[in-house]
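*Asks:* coordinates only, sequence not included:
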């Protein structure tokens with residue numbers, strides 16, 4: 001199966017895992033839309049993938065208050081078939097030094113999650129309630145805003161795939177407290193939307209979640225020579241291109257070990273055109289700079 005003549009939107013497509021998702025969809029033949037509030041990250045994404053013609057980069061936000069305008073202006077005359085909503089699978093990269101209030105100074109080397117202005121380093125017992133409430137719901141708010149704006153625009157045989165982390169993913173095994181809270185909020189949001197769409201007979205959107213419990217920062221345990229981010233992208237393309245079967249609607253796919261990953265990829269296989277550049281092998285170190293191999 002392929003995604004030729006279909007259009008997909010990747011929410012959270014400029015980080016390491018997002019690039020893998022974008023590449024997988026492009027490899028399957030789709031036209032892929034990726035938005036970001038950072039023009040620099042969009043340019044890096046194009047450069048990393050060899051500037052493919054079917055990659056559409058949009059300088060715009062899907063946060064509440066902005067999503068409807070971003071989606072409306074982007075999809076003017078364009079039919080949208082698939083969405084992959086990536087929710088910070090590897091949200092552990094630390095930002096570089098700079099002013100907290102200004103993301104363009106206080107930026108992470110790989111992950112745009114830190115641009116959400118979340119008080120990631122405050123301890124729970126010392127955090128003010130007025131800081132906790134918006135910080136704890138930032139990621140879920142982004143994904144709800146995106147879903148509310150994108151799902152009504154889906155056409156054809158549409159799919160909506162959440163890609164989430166397992167609540168860890170940081171060297172040492174744990175996220176920051178606020179990172180873990182945001183991750184779990186996205187789990188709940190995904191479960192609610194999956195069940196709501198499954199029960200709604202008026203739409204045909206096939207909604208699933210891929211929950212990655214594998215060490216994205218450590219490829220030494222991976223049996224293949226592909227970056228894990230590429231495998232996640234290929235799986236997303238396979239889910240989008242494969243016909244619906246029993247048990248697919250609202251399915252939660254947990255990737256807890258590499259054997260399960262290979263089995264699921266065989267289940268949702270996709271043919272790639274081989275025209276998209278391989279991903280650079282990046283890994284963010286503890287300071288948020290790019291280094292090593294991912």
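*Replies:* That came through, no problem. Treat the numbers as computed from the prediction; the structure is a model and nothing was measured.

*Asks:* Please count neighbours and contacts with C-alpha atoms only from this point.
*Replies:* Fine.

*Asks:* longest strand anywhere in the protein?
*Replies:* In the chain, taking DSSP state E as the definition, the longest strand is strand 154-165.

*Asks:* List the residues that contact residue 261.
*Replies:* Contacts here follow Cα atoms under 8 Å, 6 or more residues apart in numbering; on that basis residue 261 touches residue 255.

*Asks:* part of a helix, is it?
*Replies:* Yes: assessed with DSSP: H, G, I helix; E, B strand; the rest coil, residue 261 lies in a helix.

*Asks:* Show me what the longest strand of the chain is in contact with.
*Replies:* Residues from elsewhere that reach strand 154-165, judged by Cα under 8 Å, 6+ apart: 79-90, 151, 183, 186-187, 190, 204-213, 236, 240.

*Asks:* how near is the residue nearest the centre of the chain to residue 142?
*Replies:* Computing the C-alpha centroid of the chain and ranking residues by Cα atoms, centre = their mean puts residue 86 first, at 1.7 Å. Per Cα to Cα, to the nearest Å, residue 86 is found 11 Å from residue 142.

*Asks:* Same check on residue 60?
*Replies:* In terms of Cα to Cα, residue 60 sits 13 Å off from residue 142.

*Asks:* what about stretch 226-241, distance to the chain center?
*Replies:* Computed by Cα atoms, centre = their mean, to the nearest Å, the chain-centroid distance of stretch 226-241 equals 11 Å.

*Asks:* ok, now stretch 129-146?
*Replies:* For stretch 129-146, the separation from the chain centroid amounts to 17 Å (computed by Cα atoms, centre = their mean).

*Asks:* from the contacts of strand 154-165, which ones fall inside strands?
*Replies:* Using DSSP E, the contacts of strand 154-165 in strands are 80-87, 206-212.

*Asks:* just to revisit the earlier point, sheet-wise, list the partners of the longest strand of the chain with their directions.
*Replies:* Within its sheet, strand 154-165 is paired with strand 80-87 (parallel), strand 206-212 (parallel), according to DSSP bridges.

*Asks:* just the buried members of the contacts of strand 154-165?
*Replies:* Burial by neighbour count, 16 or more other Cα atoms under 10 Å: within the contacts of strand 154-165 this picks out 80-90, 151, 183, 186-187, 190, 204-213, 236, 240.

*Asks:* now the longest helix belonging to the chain against strand 80-87, angle please.
*Replies:* What stands out as the longest helix in the chain, according to DSSP state H, is helix 177-199. For helix 177-199 against strand 80-87, the angle by axes from the mean of the first three to the mean of the last three Cα atoms, to 10 degrees is 150 degrees.

*Asks:* distance of the nearest residue to residue 7 once chain neighbours are set aside from residue 183?
*Replies:* Spatially, and ignoring its direct neighbours in sequence, residue 7 is nearest to residue 31 (4.7 Å; Cα to Cα, 6 or more residues apart in numbering). Relative to residue 183, residue 31 is positioned 28 Å away (Cα to Cα).

*Asks:* same thing with residue 14?
*Replies:* Distance of residue 14 to residue 183, computed by Cα to Cα: 18 Å.
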